[in-house]
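*Asks:* Take a look and give me a structure for this.
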Amino acid sequence: MPQTPLLSSLSRAQRHPFLIVDADFRIRLVNRALEASFGLRSADLSDCLCCRLDFAPQTDCRHRRFFRDLEPYSETQTLILPNGEACRTQIQGFPVLDEESRIYLGESLRLLKPPPSKSVIVGSSATTQTFKKALAQSAATEVSVLLHGETGAGKELAAEYIHRHSPRAAGPFVIVDCTVLSEDLVESELFGHVKGAFTGAAGNKIGLLELADKGTLFLDEIGDLPLSQQPKLLRALETGHFRPVGATKTRRTNVRVVSASHRDLGALVQRGQFREDLFYRIAVFPITIPPLRVRREDIPELVENMLLEISATSGARYRIRKEALRKLLQYDYPGNIRELRNIIHLSAAMSQDQEITAETIRLPELGASRIANCPTAGHQRMDPNLVETLTPIESVEASYILDLLREHRGRRKEVAERLSISERTLYRKLKRYRLNSPGESTQND
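*Replies:* Now for the predicted structure:
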């Protein structure tokens, strides 16, 4: 059946991926947006059965249901893309007519952006870029890495980033939570045990050290590892040999070790609470994870990605209002990214029409009172002509910088410190947002 001018015109007018299906359940037309999204050509899809694009068998074909009932539909499904990636998709189907009043199904597909990979470090600030550079440098080596950072700063994410960007990326990434390893559990969990090794050992168990063979072993919160068990771990890491509990023969493993702790291991060594030799074994490449409060520039991007995660899971598109984002930018986040994530998830749950407002942002009382006491906008305003050209994130950042300038009475050094950026970077932002007061010099830009 040839394409008609009316259907072709309708297809071209659609901004999202769009296809037209006939009453024989065959694809007759797709637009360029669909070709780009699915990596297919129109010629590959012509006369294909309707569910060809789903790349998975359908128990209840929505296209057949449409031609049976002739009722429009709107639903969210998970489609398997040609590269094997699962993608949540908003699907709308409705009747369309050609020049001869024949009924077709027009279907619009809106691919919800999948959540970022767990090993992606989100953020474009100078602080984050320096941090990511250190992670990349460590990933290219085989030495042991020690990550130090506050609770909730993303130590596990950083460890997985190192693994995914290392030559061992194809191997396993095994996490050992040292906070739950009591003295009588350490050996069994790390090295495994054989049947009958102790009461309750009903069978053989492979230890985490062996499971991580040819991959990465992540020792999370290693500062909590019992002191009495540290020599056994050190010996296994140095030699690659270990013996399961109750076994008579040693086994060998080849692992790359990444450790993490929110505690100062150097201070623990000085107090005799952590072995010095183990410390030097795991801290060959030390990396400090910056807390969220020193990279506030990343908050809009982090929030955007968190909302994409929520949208991909729920099938509803969430968005955040400008004043809500400004409120988030002014909080210090003692719980770091984990706390921000909890705030966003709670706000999404409380929002109406999937819109997060300042009212739905619930902060601890200390944070709320600090925000309430921040200077409000005075007589000074941003250039209205510039505002129209800014993205929502740029507009929020510019407004936040303006508030800080008022709070610190124009002292740029203090404003730069609050933003955790250099004065030169602040100068560039002031010039970009036209926030320089009359007579102020911008010669250093």
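*Asks:* what about dumping the CA coordinates of stretch 239-251 to CSV?
*Replies:* Written as CSV, here are the backbone C-alpha positions of stretch 239-251 (Å, rounded to 0.1, in the frame of the first residue of the first chain):
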residue,chain,number,x,y,z
THR,A,239,50.4,-13.1,48.7
GLY,A,240,47.2,-13.7,46.8
HIS,A,241,46.9,-17.0,48.8
PHE,A,242,44.3,-17.8,51.4
ARG,A,243,42.8,-20.9,53.1
PRO,A,244,39.0,-21.4,53.6
VAL,A,245,38.0,-22.1,57.2
GLY,A,246,38.4,-25.8,57.9
ALA,A,247,40.3,-26.5,54.6
THR,A,248,43.7,-28.1,54.4
LYS,A,249,44.8,-26.6,51.1
THR,A,250,45.4,-23.0,50.2
ARG,A,251,43.7,-21.3,47.2
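*Asks:* So what touches that stretch?
*Replies:* Applying C-beta atoms under 8 Å, 6 or more residues apart in numbering, the set of residues contacting stretch 239-251 from outside is 187-188, 190-198, 201, 204-205, 207, 209-210, 235-236, 252-255. Where C-beta positions appear, they are placed from N, C-alpha and C, glycine not excepted.
*Asks:* Show me just the buried residues among those.
*Replies:* 187-188, 190-194, 197, 205, 207, 209-210, 236, 253, 255 (16 or more other C-beta atoms under 10 Å).
*Asks:* Show me which of these has the smallest pLDDT value.
*Replies:* On pLDDT alone, Ala197 ranks lowest of those, at 79.
*Asks:* could you list every residue that touches that residue?
*Replies:* Counting by C-beta under 8 Å, 6+ apart, Ala197 touches Ser188, Pro244, Val245, Gly246, Ala247.
*Asks:* who wins for neighbours among those residues?
*Replies:* Highest neighbour count within the contacts of Ala197, by other C-beta atoms under 10 Å: Pro244, with 23 neighbours.
*Asks:* what's the spacing between the closest residue to that one other than its chain neighbours and Arg251?
*Replies:* Spatially, and ignoring its direct neighbours in sequence, Pro244 is nearest to Gly192 (4.1 Å; C-beta to C-beta, 6 or more residues apart in numbering). As judged by C-beta to C-beta, to the nearest Å, Gly192 and Arg251 stand 8 Å apart.
*Asks:* okay, and the common contacts of these two?
*Replies:* Glu210, Pro244.
*Asks:* Select the longest strand from this structure.
*Replies:* Longest strand in the chain, counting residues (DSSP state E): strand 86-97.
*Asks:* May I see the buried residues of the helix or strand that comes right after it?
*Replies:* Following strand 86-97 in sequence order, the next helix or strand is strand 103-111 (DSSP states H and E). In terms of neighbour count (16+ other C-beta under 10 Å), strand 103-111 has its buried residues at Tyr104, Leu105, Gly106, Glu107, Ser108, Leu109, Arg110, Leu111.
*Asks:* still on that earlier bit, farthest pair within the contacts of Ala197?
*Replies:* Ser188 and Ala247 (11.5 Å; C-beta to C-beta).
*Asks:* Break down the stretch 301-445 of the chain into its strands, ranges please.
*Replies:* For the stretch 301-445 of the chain, the strands defined by DSSP state E, counting those that start in this stretch cover 319-320, 355-356.
*Asks:* CSV for those strands, including mean neighbour count, mean pLDDT and distance to Ala33?
*Replies:* As requested, the strands of the stretch 301-445 of the chain are arranged in CSV below (neighbours: other C-beta atoms under 10 Å; pLDDT from 0 to 100; distance: least, C-beta to C-beta, whole Å):
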stretch, mean neighbour count, mean pLDDT, distance to Ala33
strand 319-320, 20, 91, 22
strand 355-356, 20, 92, 26
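*Asks:* any idea how far Leu146 is from Leu308?
*Replies:* From Leu146 across to Leu308, the span is 32 Å (C-beta to C-beta).
*Asks:* typo on my end, it should be Tyr318
*Replies:* Look at Tyr318 and Leu308: by C-beta to C-beta, they are 8 Å apart.
*Asks:* contact partners of the longest strand of the chain?
*Replies:* Residues from elsewhere that reach strand 86-97 (C-beta under 8 Å, 6+ apart): 6-7, 10, 20, 62-63, 66, 70, 72-81, 103-112, 114, 311-313, 315, 317.
*Asks:* buried subset of those residues?
*Replies:* Buried members of the contacts of strand 86-97, counted by 16+ other C-beta under 10 Å: 7, 10, 20, 62-63, 66, 79, 81, 104-112, 311-312, 317.
*Asks:* Among the contacts of Ala197, which ones are in helices?
*Replies:* If you go by DSSP state H, those have Ser188 in helices.
*Asks:* Save the contacts of Ala197 as TSV, and put in distance to Ala153 too.
*Replies:* TSV is the format used below for these (distance: C-beta to C-beta, whole Å):
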residue	distance to Ala153
Ser188	30
Pro244	35
Val245	35
Gly246	39
Ala247	39
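*Asks:* Of the contacts of Ala197, just say which sits nearest to Lys322.
*Replies:* Nearest to Lys322 among those, counting by C-beta to C-beta, is Ser188 at 53.7 Å.
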